[in-house]
Structures are given as structure tokens and as C-alpha cells.
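> sequence and predicted model, in that order:
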Amino acid sequence: MKVPVVTGITAFVFFLVLFIIIDSPLPFVGALFVAVFIFEIAFYHHFAQKRDRLRHPSD
């Protein structure tokens, strides 16, 4: 569960800095939107891997 959270926080900081550098009118909102989107993808991927491990314990 730590990996999706760390990924989301890292994406937020990265995109916040990026949006500030490109002089976006709302860098916080843009960074938050992108970070939540990336967090959702990482969260889904984490649980898909966990589900596959439970279905195939011999691998």
C-alpha cells in the first residue's frame, strides 16, 4: 500500500514544480489532478498484482 501513496506524492511534487516552471495559472490544482490520476493507476496496478499472486500462489 505504500507504493501507490509514495508514487502519488512524488507525482504531485514533480508536477507542482513543473507547472510552476511553465507558469501555469493554477499549478496546485493541475498538480493535484495529475497526481490523483497517477495515484489511481498505481493503486489499481498494486491490487491487480496482489490479486494475481493470490490466484496463482505457486508462481
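Sure, I can see it.
> tell me which residue is most central in this protein.
Nearest to the geometric centre of the chain sits Phe39, at 2.6 Å (C-alpha atoms, centre = their mean).
> check which helix or strand the spatially closest residue to that residue that is not a sequence neighbour maps to.
Among residues not flanking Phe39 along the chain, Gly8 sits closest, at 3.3 Å (C-beta to C-beta, 6 or more residues apart in numbering). (C-beta placed from N, C-alpha, C; glycine too.) Assigned by DSSP states H and E, Gly8 belongs to helix 2-21.
> run through who's touching that helix.
Contacts with helix 2-21, where a contact means C-beta atoms under 8 Å, 6 or more residues apart in numbering, come from 27-28, 30-32, 34-36, 38-39, 42-43, 45-46.
> from these, keep the buried residues only.
Among the contacts of helix 2-21, those classed as buried by 16 or more other C-beta atoms under 10 Å are 27, 30-32, 34-35, 38-39, 42-43, 46.
> pLDDT score for Phe37?
Phe37 is assigned 95 on the pLDDT scale.
> now Arg55: how far from Pro4?
Using C-beta to C-beta, to the nearest Å, one gets 20 Å for the distance from Arg55 to Pro4.
> neighbour count winner among those two?
The residue with more neighbours, out of Arg55 and Pro4, is Pro4; 18 against 8, by other C-beta atoms under 10 Å.
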